[in-house]
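A.B. asks: What follows is a predicted structure for the sequence shown.
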Amino acid sequence: MKLSIITINYNNCEGLRKTIKSVVSQTFRDFEYIIIDGGSTDGSVDVIKEYADRVDYWVSEKDHGIYHAMNKGAFAAHGEYTQFLNSGDYLCDERVLEKVFANQFNEDIVCGNMYTSRGDERISPDEVSMAYMLTGTLLHPVSFIKRALFDVYKYDERYKIMGDRDFFMHHLIKENVSYRKVNVFVAVFDVSGISCTSTNKDADRALINHLTDCLIPPRVRADYRNFMGEDDYYHSLFYTLSFAKLRKYVYTLVVLFVKIITFNRGWIKDYPIRLRKQKI
C-alpha cells in the first residue's frame, strides 16, 4: 500500500465531513484512510459512521493532545507514506493524489504546495536547510512522510502546537533524511485551527533552543549562540537583519555607506589628527 491518510478530529463535525468527502472522492485508490477522534461529543462520530464503509480504521477515545493523536494514527498505518489531513483541511480536487504519485518518488519526505482557507498560497521549499527550519517549518497537510520514520523518532507529545516542526527538524537536519518537492497544490489548510490561532513567541524561542541544543555539538554551541545574537547586541542586530523582509534594502544602504567612507578615505585618515588638535 502506497499511502495512509490520517485525519485527527475533536468536536469539529462539519470540518470533518468536508475532509472525509475530499478523501473518499479521490481517483487514486492505493491508500487507506484512518480517523483518530479524541472522544468528540458534537456528532463527529455520527459523521464517521456515515462513511464507515470508506474508512479503513477509526477510533473515538480521549487522547492527550494533537501529537498523541497523530502518533496513534501513524502507528496504526500500513502505507509506505503517511499524510496528515486533519479535520477542516481538505484535498484540492479529486485528482490531487493521482497527480502527486505520478511523480514516482522514493524520498523520505515529499512536500507539495497548499492554499489556506483565506485563499493564500503556501509554497514548499525546493531544498530544506537549517536556516529555513529556524524561521519556519514544512507544511504538514501536504507532506508525505515515510511511515518508517516514526520508528526512529515520532512526534514529541509534550508540544501543544509545534511538534511537527520538531519532527521535521529532527529528521531533516539531524538524521539528514532525503527530501523532495513536488510542484502540485495538494490541500487547503483550515486557518481557524489551533496551530494558527496560537501565537507564543516565548514557546517558539524555547523550541528553537531545545532543537539547537539537540542538533548542535557542544563544542560549537557557544559559537552558534554568539552568531544568533544571544551574547551581544552587535550579533543580535546582524541576525535580525539577516532574516528581515527588507534586508536587501538595508544591505544596499550599508554598501553605499561603505562606498562613501572609501571615497572619503583621506578625510578619515586625517580625522585622528584633527581630533587631537581640537582637544589641544
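C.D. replies: It's in.
A.B. asks: burial count for the closest residue to Met130 other than its chain neighbours?
C.D. replies: In space, and not counting its chain neighbours, Met130 is closest to Ile173: 5.6 Å by Cβ to Cβ, 6 or more residues apart in numbering. Where C-beta positions appear, they are placed from N, C-alpha and C, glycine not excepted. Counted with other Cβ atoms under 10 Å, residues neighbouring Ile173 total 20.
A.B. asks: Regarding Ile173, what is its secondary structure?
C.D. replies: Here Ile173 is recorded as helix under DSSP: H, G, I helix; E, B strand; the rest coil.
A.B. asks: That one touches Met133, doesn't it?
C.D. replies: Yes. Contact criterion Cβ atoms under 8 Å: Ile173 and Met133 qualify, at 6.0 Å.
A.B. asks: First-to-last residue distance for stretch 161-172?
C.D. replies: Using Cα to Cα, to the nearest Å, the end-to-end distance of stretch 161-172 comes to 19 Å.
A.B. asks: If we go by neighbour counts, what in that stretch is buried?
C.D. replies: Neighbour counts over stretch 161-172 (16 or more other Cβ atoms under 10 Å) mark 161-172 as buried.
A.B. asks: So what's the gap between that stretch and the chain middle?
C.D. replies: Relative to its chain's centre, stretch 161-172 lies at 7 Å (Cα atoms, centre = their mean, to the nearest Å).
A.B. asks: cool, stretch 75-84 as well?
C.D. replies: 18 Å.
A.B. asks: List the contacts of it.
C.D. replies: Stretch 75-84 has contacts (Cβ atoms under 8 Å, 6 or more residues apart in numbering) with 1-8, 31-32, 34, 36, 57, 70, 73-74, 110, 140-147, 150, 154.
A.B. asks: can you rerun that using 6 Å?
C.D. replies: With Cβ atoms under 6 Å, 6 or more residues apart in numbering as the test, stretch 75-84 has contacts from 1-6, 34, 57, 70, 74, 140, 144-147.
A.B. asks: One more: stretch 34-48?
C.D. replies: Applying Cβ under 6 Å, 6+ apart, the contact partners of stretch 34-48 are 4, 6-11, 13, 16-17, 55, 57-58, 60-63, 69, 72-73, 76.
A.B. asks: And for stretch 180-196?
C.D. replies: Contact with stretch 180-196 is made by 88-92, 96, 99-100, 103, 105, 107, 110-118, 124, 126, 141-142, 161, as judged by Cβ under 6 Å, 6+ apart.
A.B. asks: Filter these down to the ones in helices?
C.D. replies: Judged by DSSP state H, the contacts of stretch 180-196 include 96, 99-100 as members of helices.
A.B. asks: Any quick PyMOL command for the buried ones out of the contacts of stretch 34-48?
C.D. replies: Of these, the buried ones go into a single PyMOL selection, burial set by 16+ other Cβ under 10 Å:
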select buried, resi 4+6+7+8+9+10+13+16+17+55+58+60+63+69+72+73+76
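A.B. asks: follow-up on the earlier one: list only buried entries from the contacts of stretch 180-196.
C.D. replies: Among the contacts of stretch 180-196, the ones that count as buried (16+ other Cβ under 10 Å) are 88-92, 96, 99-100, 107, 110-116, 124, 141-142, 161.
A.B. asks: Just to be sure, which of those residues are found in strands?
C.D. replies: When DSSP state E is applied, these are split such that 90-91, 110-116 fall in strands.
A.B. asks: Look up how far Gly112 lies from Met173.
C.D. replies: Just so we're on the same page, residue 173 is Ile rather than Met. Separation of Ile173 from Gly112 (Cβ to Cβ, to the nearest Å) stands at 21 Å.
A.B. asks: now the angle between strand 109-116 and the longest strand that the chain contains, please.
C.D. replies: Looking across the chain with DSSP E, the single longest strand is strand 179-189. If you take axes from the mean of the first three to the mean of the last three Cα atoms, to 10 degrees, strand 179-189 sits at 30 degrees to strand 109-116.
A.B. asks: ok, strand 179-189: who's next to it in the sheet?
C.D. replies: Strand 179-189 sits in its sheet next to strand 90-91 (antiparallel), strand 109-116 (parallel), going by DSSP bridges.
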